[in-house]
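Colleague: predicted model and sequence below, questions to follow.
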Amino acid sequence: MDERLQVFDTKMTKSYDNLLTEFGAIRAGRANPHVLDRITVDYYGTPTPLQQVGNITVPEARMIQIQPWDASLVKAIEKAIMTSDLGINPSNDGKIIRLVFPELTEERRKELVKDVKKKGENAKVAVRNIRRDANDSFKKLAKTSDVSEDEIKELEDKVQKMTDKYIKEIDKAVEEKSKEILTV
């Protein structure tokens, strides 16, 4: 691949990967340990990712279990979960914290699907903005160097194909996540 295109392909890949990461944080009825990815715990004055202070397991379909390596962290982990946007109250037995995910209502599922579609649209906008930046850079290239119009046209066509590929991937990811959410 042309190194002039590689930069933009990398940016589009990052946009797509970011969307998948966001989708991982959306809970769809089943317990998914990735919903905890953005939660940090105050560990001796340092905000530390939850995965680094304990063992996270999924013993049942709708339960996540967190076993801190340091028992003194139980309260701090509980507090971090309660102040996050998860909307789940943790319970603990002094050693282990349990998060029980309630079954999603039909209304909540529809809200989540709307959210997924919105995130998908934002990702598509990001990819299109990258295409625009690419085309702008090619136009500048045409003015400043001795690159032929045909070469510029070819680069623009390749960027368009790349854009189409990522838009298709995003649509597929949105479709799959929506289906996962609506499956009871």
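Modeller: Cool, got the structure. None of the values given here were measured: they were computed from a predicted structure.
Colleague: ok, K172 to K179 distance?
Modeller: Here the distance between K172 and K179 works out to 11 Å (Cβ to Cβ, to the nearest Å). To be clear about C-beta, it is placed using only N, CA and C from the backbone, and glycine gets the same treatment.
Colleague: check the secondary structure at the residue of the chain most remote from its centre for me.
Modeller: Taking Cα atoms, centre = their mean, the residue of the chain most remote from its mean C-alpha position is D146, at 41.2 Å. Secondary structure, DSSP: H, G, I helix; E, B strand; the rest coil: D146 is coil.
Colleague: would you map out the domains in this protein?
Modeller: 3-24+105-182, 33-100 (automatic domain parsing).
Colleague: and the last one, how far apart are its ends?
Modeller: Spelled out, that is domain 33-100. Separation of the first and last residues of domain 33-100 by Cα to Cα, to the nearest Å is 12 Å.
Colleague: just the first one next, same as before
Modeller: From its first residue to its last, domain 3-24+105-182 covers 42 Å (Cα to Cα).
Colleague: list the strands paired with the helix or strand hosting Q65, with their directions.
Modeller: If you go by DSSP states H and E, Q65 is part of strand 63-68. Paired neighbours of strand 63-68 in the sheet (DSSP bridges): strand 54-60 (antiparallel), strand 97-100 (antiparallel).
Colleague: what are the contacting residues of the shortest one?
Modeller: When you say that, I think you mean strand 97-100. 31, 62-68, 74, 77-78, 81, 86, 88, 90-92 (Cβ atoms under 8 Å, 6 or more residues apart in numbering).
Colleague: does S15 touch I130 like I think?
Modeller: Yes. Contact between S15 and I130 holds when scored by Cβ atoms under 8 Å: they sit 6.9 Å apart.
Colleague: of the strands paired with strand 63-68, which is nearest D42?
Modeller: strand 54-60 (13.7 Å; Cβ to Cβ).
Colleague: could I have the CA atoms of the closest one written out in PDB?
Modeller: C-alpha atoms of strand 54-60 as PDB (Å, rounded to 0.1, in the frame of the first residue of the first chain):
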ATOM      1  CA  GLY A  54      -8.100  -8.000  41.600                       C
ATOM      2  CA  ASN A  55      -9.200 -11.100  39.800                       C
ATOM      3  CA  ILE A  56     -12.400 -10.600  37.700                       C
ATOM      4  CA  THR A  57     -14.500 -13.700  36.800                       C
ATOM      5  CA  VAL A  58     -17.900 -14.500  35.400                       C
ATOM      6  CA  PRO A  59     -19.200 -17.400  37.400                       C
ATOM      7  CA  GLU A  60     -22.800 -17.100  36.000                       C
END
